[in-house]
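A.B. asks: Okay, here's the prediction I keep looking at, along with the sequence it came from:
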Amino acid sequence: MNIDERIAHHTRMAKAYGNAYLRQGVQEGEEYVDESGQDAWKFADDAIYTSPYFTGEEVILMKEALADTGRAATMEAKAYSLTFPDWKPADFKYWPAANGLVMKTRWQGTATDGTVMGFYSYSFIETNDLGEITRWETHVNDEYGPFLDVAIGRSGPFHGNAEYLDALTACLERAGVTV
């Protein structure tokens with residue numbers, strides 16, 4: 001891909017991500033597909049994920065992750081939506097570049113008791129020459145811990161490949177929800 005094609009591809013990736021969450025389709029298993037219905041997110045064989053909040057100091061090789069990206073996103077959206085039924089992006093911005101993209105999302109929801117809570121997440125995504133994700137890094141602001149305490153009954157930071165997924169699984173099991 002030339003630079004213009006890569007920037008267009010990264011724009012499709014961002015829009016596919018944002019739109020899937022805006023429609024609240026992720027909690028029903030919707031993937032990040034572009035306007036033509038194609039999967040906009042492809043991971044390189046050596047793709048890694050890291051986040052100080054979600055994985056601690058560990059870098060996860062995506063092909064060795066305990067749950068694929070789509071399933072993990074669905075678990076998260078379902079768990080958050082138990083307490084915040086309208087949870088989705090309140091604001092979504094992205095900046096495509098030749099080597100990837102950056103996304104800033106204001107996530108927000110209203111609890112069944114009327115309490116509104118939210119947080120910001122920041123994703124930094126790098127891609128290779130084929131447009132496949134090679135590195136995905138996520139950061140959240142300090143509102144996220146209190147949000148998680150309410151949404152799933154536990155906050156982080158989490159460590160390793162399983163701790164966050166285990167917390168989501170426990171929340172869903174308490175509610176009798178399967179993914």
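C.D. replies: Nice, I can see it. Residues are numbered from 1 along each chain as shown.
A.B. asks: So what's the residue count around Gly70?
C.D. replies: For Gly70, the neighbour count with other Cβ atoms under 10 Å is 16. For every residue, glycine as well, the C-beta is placed using N, CA and C.
A.B. asks: how about the nearest residue to it, chain neighbours excluded?
C.D. replies: Leaving aside its sequence neighbours, Gly70 sits nearest to Glu31 (Cβ to Cβ, 6 or more residues apart in numbering; 5.2 Å).
A.B. asks: In this structure that neighbour contacts Tyr21, no?
C.D. replies: No - counting by Cβ atoms under 8 Å, Glu31 stays clear of Tyr21, with 11.7 Å between them.
A.B. asks: These two: which is more packed in?
C.D. replies: Each of Glu31 and Tyr21 has its neighbours counted (other Cβ under 10 Å); Tyr21 has more, 21 against 18.
A.B. asks: Wait, a strand at the more buried one?
C.D. replies: No - per DSSP: H, G, I helix; E, B strand; the rest coil, Tyr21 lies outside any strand segment and is helix.
A.B. asks: who's in contact with it?
C.D. replies: With contacts taken as Cβ atoms under 8 Å, 6 or more residues apart in numbering, Tyr21 has the following neighbours: Ala77, Lys88, Pro89, Phe92, Thr105.
A.B. asks: looking at this, the fourth one is in a strand?
C.D. replies: To tie it back to what came earlier, the one meant is Phe92. Yes - according to three-state DSSP, the state of Phe92 is that of a strand.
A.B. asks: where do the strands sit along this protein?
C.D. replies: Chain-ordered strands for the chain, with DSSP state E as the definition, fall at 43-50, 60-61, 88-97, 100-110, 116-127, 133-140.
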